[in-house]
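S.K.: Predicted model, plus sequence, below.
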Amino acid sequence: MSRENPWANPDRLSAEDARTLARLIDERAARPDQRQAHAALLAALAPQAGERLLDLGCGSGVLTRKLAAQVGPGGEVVGVDISRAMLDYARQQTPVGHLVLRYEQADGASLPFPDGYFHGALMARTLMHVPEPQAVLAELRRVMMPGGRLAILEADWGTVAVDHSQRELTRRILAWRTDTVDGNNWMGRQLVRRCLQAGWQVRAVQGLVSIGRDEGTTHLGSLRRCATLALEHGVITPAEHDAWIAELDERLAAGIFFASINEYIVAATA
Ligand SMILES: C[S@@+](CC[C@H](N)C(=O)[O-])C[C@H]1O[C@@H](n2cnc3c(N)ncnc32)[C@H](O)[C@@H]1O
C-alpha cells in the first residue's frame, strides 16, 4: 500500500493545503528541537561573509533567510524549491529590498546554475522526498566550485522510539509509517553512502537525538498523524487508534511522555 507524498511536490495540493504545509515548516522551525537541528546544520556548513550559497528544498525559506544573514551584503543566497506555492510563501516572509536573497523554482535534479557557481549548499529534510536522490547529489556537485561544501540534514523514521505499553500496536503503526508514508524514511542512515556514491568527500557525520517529552516538540504531532493515517489505511482499527492516542495523552498529562527520533547531519566537500 502506498500513498502520495505531499512533500514531493506541494503544488499538487490545493493552494490552501500547500500554504498550510509552508506554515507548518515555520511552526516546526520555531520549536526547540528543530532550532537545535537547524543551528547544527548551519554550523556544519559554516557560511562565510561574501559567499554564494544554495538552499535546496528551501520550503518556507526559514534556513535561506538565516544563510542570507550570515553571508552579509557582499554574498548571494538562492533558495530553490520545486514548488511555486512554497516559493510564494517564502518570498512573502522575506523583507522587501533584501538584495542578497532570491528564490528560484527548479527540480533539484536539474538546477538552473552554471558549473562551479556556489561556494556551498544546504539541504534540509528534502532528499527523502525526491524520487532520484543520486541525481540530486550529482547535480549539487556539478554546481559546486572545487572544494565547495555541502551540509545535509535528514531524519530516520526507523529510529523512532515511543514509550507505550502496547508494544505490538506501537511497532505496527511505526513500521507502517516508516515503510509507507512521505518518501524514503531511511534516508538518514543512507546519507553517508549516498554522498560517497555521488562522489562527495564526507568530512563529518553528526547524529542528533531529538527527544520529545511534552506538547512543545514536533514528535507529538507526527505521532498523532501516524495514527490517523494508519487508521485511514486500515492498518489499525478505530478502537486501537483511540486506545493508542488515549495512552499518549494520559502520559502527557502525567508528565511521563517520551518519544525520540535520530537525525543525521553529513558535511561533505566537492
Ligand atoms: C520537508 S520540506 C523541508 C523544508 C526546509 N528545507 C526545512 O528543513 O524546513 C521539503 C521541501 O523540499 C521540496 N522538494 C521536494 N522535492 C524537491 C525536488 N525534487 N527539488 C526541489 N525541491 C523539492 C518541497 O517542495 C519542500 O518545500
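M.R.: The structure has been received and is ready for your questions.

S.K.: buried residues in the lowest-mean-pLDDT helix or strand in the chain?
M.R.: One helix or strand of the chain scores below all others by mean pLDDT, DSSP states H and E: helix 218-232, with a mean of 88. Burial within helix 218-232, assessed by neighbour count using 16 or more other CB atoms under 10 Å, is assigned to Thr218, His219, Leu220, Ser222, Leu223, Cys226, Ala227, Leu229, Ala230, Leu231. C-beta coordinates here come from the backbone N, C-alpha and C atoms, glycine included.

S.K.: Tell me the one of those nearest Arg12?
M.R.: For these, the residue nearest Arg12 by CB to CB is Leu229; the value is 17.5 Å.

S.K.: what's the distance between the nearest residue to that closest one once chain neighbours are set aside and Ala239?
M.R.: Residue nearest to Leu229 in three dimensions, not counting chain neighbours: Val181, with 5.9 Å by CB to CB, 6 or more residues apart in numbering. Distance, Val181 to Ala239, by CB to CB, to the nearest Å: 22 Å.

S.K.: pretty sure Trp7 is in a strand, no?
M.R.: No: using DSSP: H, G, I helix; E, B strand; the rest coil, the secondary structure at Trp7 is helix, not a strand.

S.K.: thinking again about what came up before, ok, the least confident helix or strand of the chain near the ligand or not?
M.R.: No: contact of helix 218-232 with the ligand (CB under 6 Å from any ligand atom) is absent, the minimum separation being 10.9 Å.

S.K.: just checking, what packs against that helix?
M.R.: Using 3 or more CB pairs under 8 Å, 6 or more residues apart in numbering; DSSP states H and E as the contact test, the elements touching helix 218-232 are helix 167-180, strand 201-212, helix 238-254, strand 259-269.
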